[in-house]
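Chemist: here is a sequence with its predicted model. Questions after.
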Amino acid sequence: MLFNSIIFTVFLPIVFILYWITPPKYRNYFLLLASYYFYYSYNPWFLLLLIGTSAVDYFLARKISLTENKKRKKMFLVLSLASNLGVLFIFKYFVFFYNSSVEVFNINSKLLNNFIIPAGLSFYTFQSLSYTIDIYRGKYKADDRFSDFLLFVSFFPHMVAGPIVRYNDLMPQFKIITYFKNINWQSFATLVIWGYFKKLVIADNLNLIVTPVFNDVMAFSGFELLLAGFLFVIQVYCDFSGYSDIATGVAKLFNINLTLNWRRPLFSKSLHEFWKRNHISITTWFRDYLYIGLGGSRVGYNRWLLNMFLVFVISGFWHGANFTFVIWGTLHGLFYILEILLMKKFPDIKIPAVLGRLYLLGFHTLTLIAFRANDVTDLSYIYKHIFSFSNWNYSLSTLLNYQDRFYFFVIFIAILVLFFKELNEEYAIINKYKNVYSFLKPLVYIGFVVLIFILGNFSANTFIYFQF
């Protein structure tokens, strides 16, 4: 079930009404059933996988918490890691490694097609794993009810694409009684409206030009490919942050506050700043459970740099079984370390903010092309033609043939709206004038609603990060 599907517009009001008329002591049970139905609508069989992996982690976390023997604790943790990572390997990476082995070793065997990846597999397994690891580290006691833990993993707004919420941020909210009168309607409305605007008006309309370009890269000039890469930067940001906004807004209908996942990353002035603002929940997850697990900064200088590099490479591979994702992660790891080395060598140099933002946006565009390219062959062609400036065709003739002029006008206006809204949030340009802001805010969001119905793409396109 997609947030931008018709069935969700029926599902959400029904769940909302039934939740608030259910006696408080049964609400979590109802919300768990609703969440399972939400996931069941994708694929009934994958619901069994979700329940199974959650049950295994709950059982192993209890074992870790109850035993005093360190070796047994570690054994139970390893079992949890093996079960979760094993499921990830089977569904996301088995076909990749099998086909790679067949091709590299010239084995006389057929190539396999990709398995269908369960929606949100990486997100809910990482959330469940964080609980088990935290129990092992002694942060919490595994004394939660089984049903509460299942709800913690599968709460429907964030289950399939995040944000990945930590135990101490979400679980306590399930254990308190809240009231209908406490619903923050303003936050719900603004988050959901802005999220749908980013998804339906910007991301899904950009998809109409970005996807054809990347599916037929040889038909376009280097400049057109670079422009498509920049448009994909906008698309993936609006698609994913739009999902997070909708999820956070929907959760507020049940008086649940999800963690912040985005802080206007495209305004960053360096790669370091970018990764403090972009997809915050997964970035901090890799920091806390992979980077620290590798030794973090409690090792020698060269090993510390290697730890950071490995985190980026592994996070790239986490996105999918394709060498293009590894290239994307590798480039980010190399430039992240390069920034550290330059800051260490030239600590007093201050880069102008404009140059920093241009550097970040340019680097992000070029590397996200690797993220979006269908395979390494296409990526090689794209980079070759982007950096062969003599072959550029500034007319954009091929690109403009894909859609009419009105489409490009709509895209231009939508991106301008995105820019000015995020600019205002970044610098509080209008917010500082309280009377003006309180008058304009409702009018602006009414305008967003109107634009959604006039310009929105209602084809129920899936969210990009559902595949991860």
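Modeler: Yep, that arrived. Residues are numbered from 1 along each chain as shown.
Chemist: can you show me the helices along the stretch 201-350 of the chain?
Modeler: Here the stretch 201-350 of the chain has its helices, by DSSP state H, counting those that start in this stretch, at 204-215, 222-252, 271-277, 280-286, 301-318, 323-345.
Chemist: now for the fourth one, which elements pack on it?
Modeler: I take that to be helix 280-286. The contact analysis (3 or more C-beta pairs under 8 Å, 6 or more residues apart in numbering; DSSP states H and E) places helix 280-286 against helix 121-136, helix 301-318. The way it works is simple: take the backbone N, C-alpha and C, and place the C-beta from them, glycine included.
Chemist: then the fifth one?
Modeler: When contacts are defined as 3+ C-beta pairs under 8 Å, 6+ apart, helix 301-318 packs onto helix 280-286, helix 323-345.
Chemist: mind doing that once more with 6 Å?
Modeler: Secondary-structure packing of helix 301-318 (3 or more C-beta pairs under 6 Å, 6 or more residues apart in numbering; DSSP states H and E): helix 323-345.
Chemist: again with the first one
Modeler: Of the remaining helices and strands, those touching helix 204-215 by 3+ C-beta pairs under 6 Å, 6+ apart are helix 222-252.
Chemist: and the angle from the helix it packs on to helix 204-215?
Modeler: Compare the direction of helix 222-252 with that of helix 204-215 by axes from the mean of the first three to the mean of the last three C-alpha atoms, to 10 degrees and you get 140 degrees.
Chemist: on that earlier part again, among the helices and strands packed on helix 280-286, show the one with the smallest mean pLDDT.
Modeler: Here the lowest mean pLDDT among those goes to helix 121-136, at a mean of 87.
Chemist: any idea how far residue 246 is from residue 339?
Modeler: Distance of residue 339 to residue 246, computed by C-beta to C-beta, to the nearest Å: 33 Å.
Chemist: what about residue 435, neighbour count?
Modeler: 7 (other C-beta atoms under 10 Å).
Chemist: what does the one 4 residues further on give?
Modeler: Here the count is done by other C-beta under 10 Å, and residue 439 has 11 residues near it.
Chemist: from residue 197, how far out is it?
Modeler: Counting by C-beta to C-beta, the separation of residue 439 from residue 197 is 20 Å.
Chemist: returning to that earlier point: same drill for residue 339 and residue 246, tell me which one is more crowded.
Modeler: residue 246 (24 against 15).
Chemist: can you name the residues that contact residue 187?
Modeler: Residue 187 sits next to residue 252 when contact means C-beta atoms under 6 Å, 6 or more residues apart in numbering.
Chemist: equivalent analysis for residue 278, please.
Modeler: Per C-beta under 6 Å, 6+ apart, neighbours of residue 278: residue 265.
Chemist: and for residue 228?
Modeler: Counting by C-beta under 6 Å, 6+ apart, residue 228 makes contact with 210, 213.
Chemist: residue 382: neighbour count?
Modeler: 25.
Chemist: just the element for it, please.
Modeler: helix 376-387 (DSSP states H and E).
Chemist: buried sites along whatever helix or strand comes next after that helix?
Modeler: Moving toward the C-terminus from helix 376-387, the next helix or strand (DSSP H and E) is helix 397-400. For helix 397-400, a neighbour-count test (16 or more other C-beta atoms under 10 Å) marks residue 399 as buried.
Chemist: may I have helix 397-400 as PDB, with CA atoms only?
Modeler: Provided in PDB are the C-alpha atoms of helix 397-400 (Å, rounded to 0.1, in the frame of the first residue of the first chain):
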ATOM      1  CA  SER A 397      17.100  19.400 -28.300                       C
ATOM      2  CA  THR A 398      16.900  15.600 -27.500                       C
ATOM      3  CA  LEU A 399      15.800  16.300 -23.900                       C
ATOM      4  CA  LEU A 400      13.200  18.800 -24.900                       C
END
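Chemist: next SSE downstream of it?
Modeler: helix 405-427.
Chemist: what is the least confident helix or strand in the chain?
Modeler: Using mean pLDDT, DSSP states H and E, the weakest-scoring helix or strand in the chain turns out to be helix 94-104, at a mean of 61.
Chemist: Three-state assignment for residue 429, please.
Modeler: Applying DSSP: H, G, I helix; E, B strand; the rest coil to residue 429 yields a three-state assignment of coil.
Chemist: how near is it to residue 423?
Modeler: Counting by C-beta to C-beta, the gap from residue 429 to residue 423 is 7 Å.
Chemist: please apply the same query to residue 315.
Modeler: 29 Å.
Chemist: any low-confidence regions in the stretch 301-450 of the chain?
Modeler: Flagging of the stretch 301-450 of the chain using pLDDT under 70 yields the residue ranges 389-395.
Chemist: now with 90?
Modeler: 316-323, 343-351, 375, 385-411, 425-442 (pLDDT under 90).
Chemist: contacting residues around stretch 340-356?
Modeler: The contact list for stretch 340-356, computed with C-beta under 6 Å, 6+ apart, reads 269-270.
Chemist: how about that stretch: buried residues?
Modeler: Buried positions in stretch 340-356, judged by neighbour count with 16+ other C-beta under 10 Å: residue 356.
Chemist: quick one: closest of the helices of the stretch 201-350 of the chain to residue 361.
Modeler: helix 222-252 (7.5 Å; C-beta to C-beta).
Chemist: what angle separates that closest one from helix 405-427?
Modeler: Using the same axes, to 10 degrees, helix 222-252 lies at 60 degrees relative to helix 405-427.
Chemist: how far off centre is whichever strand or helix holds residue 441?
Modeler: Using DSSP H and E, residue 441 sits in helix 434-455. The chain centroid and the centroid of helix 434-455 are separated by 27 Å, computed with C-alpha atoms, centre = their mean, to the nearest Å.
Chemist: for stretch 248-268, same thing?
Modeler: That offset, for stretch 248-268, works out to 12 Å (C-alpha atoms, centre = their mean).
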